[in-house]
Structures are given as structure tokens and as C-alpha cells.
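[1] predicted model follows, preceded by the sequence.
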Amino acid sequence: MKLRFTKMQGAGNDFCVINALQAPLTLSPEQIRRLGDRRFGVGCDQILVIERSDSPEVDFRYRIFNNSGDEVEHCGNGARCFVRYVNEKGLSPKRSIRVQTVNALLELHLREDGRVSVDMGAPVFEHARLPFDSQGLNARHLGGFDLWPLAEAACEVAVLSMGNPHAVQLVADVDAAPVERIGPLVEAHARFARKVNAGFMQIVSRQEVRLRVFERDAGETLACGTGACAAVVAGIRLGLLDEAVEVHARGGDLRIEWAGLSAGLQAPVFLTGPAQTVFEGEIEL
């Protein structure tokens, strides 16, 4: 089959966006892997599919597949590319749209300065919903949050979900952090039944961090929107960060805002950053 796609990127996190509004799109895991392959396909971190919504209160359905072929729950950088695509293609006259993912309803806003803001919803801290098995572990309490030891990975992590699971560890120097060695050990740790995204966060100041993320089933990426949200929320709850933080990823900068300590833990997280079209094309799958 021939498939039209648009290659996009948000802070270096890159995507193939597919318009499936006119007809349902069914790709096998093998076809998804071929599309995401950087040598034999187009190459991307994830594939984003735009589908019709079943609800009049929702503008579009938003599906996300890792380049491994698996469907996943959430992607903040992808959500920004999603609304940029919708605007550029004239699929909606709105500058703010609502989209349904596999497990959340998101509000996406195209700003006048060209950046895109996403209401990422509230973070989830209940271990059963990640899921994370903390039975038998003794956490270290810091600020208002817990750091959990993972002996096999020789680190301690703050755990939470932004629609997908994250384990965030503090490092003194993100450039020197052993992401390639520790990342896979955390990602596939037996305590996380569905694996986990492993974040490595360096605190620069109360308003600024540097971050690397080893993503579940994708490896290290240049940026991770949900990872940035999770890291900042963890830092705020640990008493290390203020409510608005600039996150420096290897692919670009993101701004994260969360008023959880003043407005309650169910306050939404807001993610703002760039989203750009790189090129368009067609591939035989």
C-alpha cells in the first residue's frame, strides 16, 4: 500500500503524521516498524494518526504508536505537532482543539507566537495506575514526595504518570549521566509491569532544569513532552522547583507549568513548546 505522511518535529522529538479522517487506517506492527525505521523507512520516534471523533464535544481522535509498533497512551510533543498539522492543513478553523487519546481528553492551543500549548491533564500518583509495585521497598522522603530505590539499576526514582508511566531520577550532570546503561535497566525493571519512561533530571535553579529521557520502547529521544512534565512535577513535589520551569532537552526547550502545591494535586500540567513541519512524502509499505 502507498501511504502519504507528513514528517514533523517538536524540540527534536520527530513524528510521522498520518491523516486517517477520510477512511480508517489499519497498519500492522510490521508496517509501523517499517515506517519508523531510520534506514529502511521514513524514520521517526512515533507515528501519529488523526481520526474522526465519535463525540460532538471532541474535535479529533489522536492515536500514538511507538516505532516499535506498539500503541501508547500519550505524547506531549506529538500533541503539539498534531495541532500544528490540523491548522496547516485547514482541518479546523479553531486555534484551540480538543482531542481524545486512548485514555485522556486533551486541549491543544496554537499561540500567536507560533508555539503550541497543551493542557496535559493532572498527574497521577497512585502506584496501581502506573502500575508500580512498591511492596517491600523503603522510600526516602524528600520535600513532599518519595524517592524509591531500584537496587538493580543502582538509583532512586520518583514515580508518577502523565497518561504514561515515568520514573525520574536526580543527577548532578545530565551530560555525564549513564543514560545508555541505566535507562534500559529502569525501563524494563520488574517493578513496572508495563515498563516505564526513565528520566534523568539536573536541577539548574528553581526555574530551570536539564533533562534526558530514555523512552519506553523507543530509547533515548531528543525530547519527551510527558517526560518533561513528569520531571517538573516530581521536582515541585520534592520541594526543588517553582511552579513554572524551563526544561532544556537536547532537541530544544520546553516550558512546564503546574500549580499543584497551591491549587491541589489534581491541577493540570501545561506544556508549551515548538512544533514544525519538516517535509511530506509517500512510502510504499
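    Nice, thanks for sending it over.
[2] the helices in the protein, which residues?
    Using DSSP state H, the helices found in the chain span residues 29-36, 76-88, 179-187, 225-237, 260-263.
[3] quick one: closest of these to Phe145.
    helix 225-237 (3.7 Å; CB to CB). C-beta: built from backbone N, CA, C; applies to glycine.
[4] related to what we said a few turns ago, among the helices of the chain, which is the most enclosed?
    Mean neighbour count (mean count of other CB atoms under 10 Å) peaks for helix 225-237 among these, with a mean of 29.
[5] so for that helix, mean pLDDT?
    For helix 225-237, mean pLDDT is 97.
[6] ok, the spatially most central residue of the chain - contacts?
    In the chain, the residue lying closest to the centroid (CA atoms, centre = their mean) is Thr226, at 3.1 Å. Taking CB atoms under 8 Å, 6 or more residues apart in numbering as the criterion, Thr226 is in contact with His74, Cys75, Gly76, Met120, Met162, Gly163, Asn164, His166, Asn197.
[7] closest one to Ala11 among the helices of the chain?
    Comparing these against Ala11 with CB to CB, the closest turns out to be helix 76-88 (6.0 Å).
[8] quick check: the nearest residue to Ala228 once chain neighbours are set aside vs Glu208, distance?
    Closest residue to Ala228 apart from its sequence neighbours, by CB to CB, 6 or more residues apart in numbering: Val247 at 4.3 Å. Separation of Val247 from Glu208 (CB to CB, to the nearest Å) stands at 8 Å.
[9] comparing the two, which residue is more hemmed in?
    A direct count of neighbours by other CB atoms under 10 Å for Val247 and Glu208 places Val247 higher, at 27 against 15.
[10] from Ser262, how far out is that one?
    From Val247 to Ser262 the distance is 20 Å (CB to CB).
[11] ok, Ser134 next?
    Applying CB to CB, one obtains 27 Å for the distance of Ser134 from Ser262.
[12] neighbours of Val196, how many?
    Look at Val196: counted by other CB under 10 Å, it has 26 neighbours.
[13] ok, back up a step: inside strands: which ones of the contacts of Thr226?
    Of these, the ones assigned to strands by DSSP state E are His166, Asn197.
[14] CA atoms of stretch 110-128 as PDB?
    This file holds the C-alpha atoms of stretch 110-128, laid out as PDB (Å, rounded to 0.1, in the frame of the first residue of the first chain):
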ATOM      1  CA  LEU A 110      -1.900  27.300  18.900                       C
ATOM      2  CA  ARG A 111      -0.500  30.500  20.300                       C
ATOM      3  CA  GLU A 112       0.000  33.800  18.400                       C
ATOM      4  CA  ASP A 113       3.800  33.400  18.700                       C
ATOM      5  CA  GLY A 114       3.700  30.100  16.800                       C
ATOM      6  CA  ARG A 115       4.300  27.900  19.800                       C
ATOM      7  CA  VAL A 116       1.800  25.400  21.000                       C
ATOM      8  CA  SER A 117       0.500  24.900  24.500                       C
ATOM      9  CA  VAL A 118      -1.100  21.600  25.700                       C
ATOM     10  CA  ASP A 119      -3.300  21.000  28.700                       C
ATOM     11  CA  MET A 120      -1.700  17.700  29.700                       C
ATOM     12  CA  GLY A 121      -4.300  17.000  32.400                       C
ATOM     13  CA  ALA A 122      -3.500  16.200  36.000                       C
ATOM     14  CA  PRO A 123      -0.600  14.000  37.000                       C
ATOM     15  CA  VAL A 124      -1.400  10.600  38.500                       C
ATOM     16  CA  PHE A 125       0.500   9.500  41.700                       C
ATOM     17  CA  GLU A 126      -1.400   6.300  42.600                       C
ATOM     18  CA  HIS A 127       1.100   3.400  42.100                       C
ATOM     19  CA  ALA A 128      -1.600   1.000  40.900                       C
END
